[in-house]
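Return a 3D structure for these sequence lines:
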Amino acid sequence: MWRQLSIAVRMRLTDRIGGKIKVVNGCWLWSSVKRRGGYGRVWWAGRYRPAATVVWERLIGPLGEGRILDHFRLNPDVDLQCSTSCVRPDHLVPATMRENTLRGRSPMAAQSKQTHCKRGHSFTPDNTWLSKNRMRTCLTCQREKRRVLRGSQPRVFREGRMKRFQRGA
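Predicted structure coming up:
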């Protein structure tokens, strides 16, 4: 499999790294140590590092501050699917952790793609409250929930309060 990589690529990768890559359907699959989720790992420069990052840095250059590699072909919207063990640089995109998370399949990513709440109200700036942990809440639903929980108490409370103010005047 190592021989299927181009000569220029093989010259830039060491035998230690290149010998652990299998070429399958255009993907360069890491065939050695993997962490949970199938992402390749390699002992490099005195510590375990993501295999895709090491290959990227050897072939392309440094990633940049605050950047990680995103397997954009894992996205179901992309026609050609890829594996998490793929280390081919043109199947990867440098991204921030936030960008990578929001492109994924996590609950946070799913919520960020929602345009309406579960009752059909749109998430507009006027109708959305953002909590401290950055979760969106529909203000229309919150108002309806408060109204139901209070029942008729607000009117009685308000009337009683108004009478107190009128007596004191």
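
Low-confidence stretches in this protein?
Across the chain, the ranges flagged by pLDDT under 70 are 1-13, 73-81, 152-169.

Tell me where it has helices.
Assigned helices in the chain, in chain order: 7-12, 15-18, 51-59, 97-103, 107-113, 139-150, 153-168 (criterion: DSSP state H).

Could you count how many residues lie near residue 43?
12 (other CB atoms under 10 Å). C-beta coordinates here come from the backbone N, C-alpha and C atoms, glycine included.

which ones are touching it?
residue 49 (CB atoms under 8 Å, 6 or more residues apart in numbering).

beta partners of it?
Beta-bridge partners for residue 43, by DSSP bridges, are residue 48.

for residue 28, same thing?
residue 23.

Make residue 1 into 32 and carry on from there
From this message on, residue numbering opens at 32, which makes the last subject residue 59.

check contacts around it.
Neighbour list for residue 59: 36, 52-53, 86, 117-119, 122 [criterion: CB under 8 Å, 6+ apart].

Show me this structure divided up by domain.
Listed by automatic domain parsing, the domain ranges of the chain are 32-144, 146-200.

Residue 66 contacts residue 72, correct?
Yes - look at residue 66 against residue 72 with CB atoms under 8 Å: they come within range, at 5.2 Å.

the more surrounded of these two?
More crowded of residue 66 and residue 72, by other CB under 10 Å: residue 72, with 17 against 12.
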